[in-house]
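J.: Fold the stuff below for me.
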Amino acid sequence: MDDGILALGAENRTAFSFISGKEIVTGAPVDSLKEACNFIKYKNEIEEFLQKEKNKPQFIVCDMHPDYLSTSLAEEFQKKNDGSVLLKVQHHHAHIVACMYDNGIEEEVIGVTFDGTGYGNDGHSWGGEFLVSSKTDFSREYHLSYVLAPGADIVVKEAWRMALAYLRMAYGDNYLRLNIPLLKRIPVEKTSIIDHMMKRKINSPQTSSMGRLFDAVSSILGICDVSRFEAEAAILLENSIEFGITEHYDYDIYESNIDVSQMIKQIVGDMEQGLSSGDISAKFHNTIGEMVYSVSSLIAKKTEIGKVVVSGGCFQNKYLLNYITKRFEHDKLDLFTHKKFSTTDLGISVGQAVIAASIY
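T.: Below is the predicted model of the structure:
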């Protein structure tokens with residue numbers, strides 16, 4: 001029978017979701033679809049599910065990213081299921097709607113979504129986003145200022161590249177003259193190549209990713225230059241926090257851009273003054289927590305929206321989550337986090353399916 005909505009999620013970590021009537025079913029989590037065995041397993045699981053349930057999905061939903069394997073798989077399923085409709089959903093919109101569904105929220109919300117990457121409406125990599133979102137649409141209100149990601153996907157592993165990118169953003173072309181340990185750890189041959197790439201914009205796409213900012217700070221502090229596993233730089237940065245620190249750094253807002261150049265300079269200044277990496281890490285995390293609260297409050301003042309929903313991999317960070325929970329505790333704004341579904345990309349397909357159900 002023609003019934004239901006099949007959503008295929010993201011790519012790095014994913015799980016499919018299926019809505020028939022009011023019931024939503026999610027499949028087993030699968031790691032990176034770029035690994036052939038995972039892709040085959042994922043495809044087979046979906047096909048077996050559809051055969052077992054005797055469902056020919058009327059709507060098939062996937063991420064907007066043109067190069068995601070889940071996107072190409074969705075297109076393949078649509079061709080097989082003649083007459084089905086294909087809908088491509090923006091990554092961070094799906095994050096927020098998944099959390100809305102998780103909390104039974106029907107009305108418009110302020111959506112804060114921090115993660116490593118997600119294909120944006122402008123073709124750039126997003127990941128430090130403040131949205132106004134409904135179940136059918138969204139607007140991008142504020143975001144981290146774009147910074148270059150020299151080497152593209154390799155920055156996910158090599159955090160020192162993002163460290164150089166943020167130092168360049170803060171200090172301009174003189175950043176390589178800074179007297180900091182990072183520039184002594186990384187061979188000058190490498191820093192010269194990365195500098196050339198950024199100046200010429202060679203294989204250096206723009207990103208507003210919060211995940212990449214965490215990586216950059218981790219490397220600047222000498223905590224992790226190269227990750228051995230996913231998000232290691234950010235995890236070690238959180239683990240280094242010295243508790244009891246209440247101070248935070250500064251940042252600027254220009255139109256819709258959140259510029260953290262001041263914060264980067266203040267971090268370097270604290271390093272020069274001999275402040276410990278644990279103290280600096282705490283101040284950095286406090287800054288991001290203050291950003292969530294302050295920017296959300298700014299949007300609330302303009303829109304009169306009273307609910308703030310947070311989603312994305314960065315909110316696995318317990319210190320950050322606890323900080324914002326306390327920050328909103330006695331405020332008129334209500335903060336909502338995930339309950340049943342994952343705040344990571346494993347929850348993306350839930351958001352995709354709910355968006356399609358709301359539109360159609």
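
J.: residue boundaries of the helices in the stretch 251-360 of the chain?
T.: 261-272, 277-303, 318-328, 348-359 (DSSP state H, counting those that start in this stretch).

J.: which one of these is the most hemmed in?
T.: Neighbour counts (mean count of other CB atoms under 10 Å) averaged over each of the helices of the stretch 251-360 of the chain peak at helix 348-359, with a mean of 27. For glycine as for every other residue, the C-beta is placed from the backbone atoms N, C-alpha and C.

J.: and that one, what does it pack onto?
T.: strand 5-7, strand 17-20, strand 23-26, strand 59-63, strand 85-89, helix 91-102 (3 or more CB pairs under 8 Å, 6 or more residues apart in numbering; DSSP states H and E).

J.: Determine how far that helix lies from the middle of the whole chain.
T.: From the chain centre to the centre of helix 348-359 is a distance of 18 Å (CA atoms, centre = their mean, to the nearest Å).

J.: I figured residue 197 was touching residue 204, is that so?
T.: Yes: using CB atoms under 8 Å, residue 197 is in contact with residue 204, at 5.3 Å.

J.: Find residues that contact each of those two.
T.: Common neighbours of residue 197 and residue 204, counting by CB atoms under 8 Å, 6 or more residues apart in numbering, are 150, 151.

J.: By residue count, what's the longest strand in the protein?
T.: strand 109-119 (DSSP state E).

J.: Could you spell out the sheet neighbours of that one, each with its direction?
T.: strand 125-133 (antiparallel), strand 307-311 (parallel) (DSSP bridges).

J.: pLDDT of stretch 76-89, averaged?
T.: For stretch 76-89, mean pLDDT is 90.

J.: what do you get for stretch 146-153?
T.: Stretch 146-153 comes out at a mean pLDDT of 97.

J.: Give me the nearest residue to the residue most central in space within the chain, chain neighbours excluded.
T.: Centroid-nearest residue in the chain, with CA atoms, centre = their mean: residue 115, separated by 1.6 Å. With sequence-adjacent residues excluded and distances taken as CB to CB, 6 or more residues apart in numbering, residue 115 is closest to residue 312, at 3.7 Å.

J.: swap in residue 323?
T.: residue 289 (3.6 Å).

J.: I'd assumed residue 328 was in contact with that neighbour.
T.: No: taking CB under 8 Å as the definition, residue 289 is not a contact partner of residue 328, at 10.0 Å.

J.: mind listing what the closest residue to residue 277 other than its chain neighbours touches?
T.: Take residue 277 and drop its neighbours on the chain: the residue closest to it by CB to CB, 6+ apart is residue 221, 4.4 Å away. Counting by CB under 8 Å, 6+ apart, residue 221 touches 237, 240, 267, 271, 277, 280, 281.

J.: try it again with 10 Å
T.: Residue 221 sits next to 163, 180-182, 233, 236-237, 240, 267, 270-271, 276-278, 280-281, 284 when contact means CB atoms under 10 Å, 6 or more residues apart in numbering.

J.: Against residue 136, how distant is residue 84?
T.: Distance, residue 84 to residue 136, by CB to CB, to the nearest Å: 20 Å.

J.: For these two, indicate the residue with more neighbours.
T.: When neighbours are counted by other CB atoms under 10 Å, residue 84 and residue 136 differ, and residue 84 comes out ahead with 19 against 14.

J.: That one and residue 233: what is the separation?
T.: Distance from residue 84 to residue 233, by CB to CB: 41 Å.

J.: isn't residue 343 right up against residue 313?
T.: Yes: with contact defined as CB atoms under 10 Å, residue 343 reaches residue 313; the gap is 6.9 Å.

J.: got any residues that touch both of these two?
T.: With CB under 10 Å, 6+ apart, residue 343 and residue 313 have common neighbours 95, 113, 114, 115.

J.: so how far is residue 129 from the third one?
T.: To tie it back to what came earlier, the one meant is residue 114. Counting by CB to CB - residue 114 and residue 129 are separated by 8 Å.

J.: Could you do the second one as well?
T.: Computed with CB to CB, the distance linking residue 113 and residue 129 is 5 Å.

J.: now the end-to-end length of stretch 256-264.
T.: Stretch 256-264 has an end-to-end distance of 19 Å (CA to CA, to the nearest Å).

J.: what about this structure, any weak spots by pLDDT?
T.: Residue ranges of the chain with pLDDT under 70: 1-2.

J.: Mind doing that once more with 90?
T.: 1-3, 20-23, 50-56, 79-83, 330, 360 (pLDDT under 90).

J.: Going by residue numbers, what spans are helices in the stretch 101-250 of the chain?
T.: For the stretch 101-250 of the chain, the helices defined by DSSP H, counting those that start in this stretch cover 159-171, 182-185, 188-200, 210-220, 232-239.

J.: Could you dump these into TSV with distance to residue 61 and mean neighbour count added?
T.: TSV is the format used below for the helices of the stretch 101-250 of the chain (distance: least, CB to CB, whole Å; neighbours: other CB atoms under 10 Å):
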stretch	distance to residue 61	mean neighbour count
helix 159-171	31	24
helix 182-185	42	14
helix 188-200	36	14
helix 210-220	24	27
helix 232-239	29	20
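
J.: so which of those gets nearest residue 25?
T.: Evaluated over these, closeness to residue 25 peaks at helix 210-220, with 29.3 Å, by CB to CB.

J.: relative orientation of that closest one and helix 261-272 in degrees?
T.: 20 degrees (axes from the mean of the first three to the mean of the last three CA atoms, to 10 degrees).
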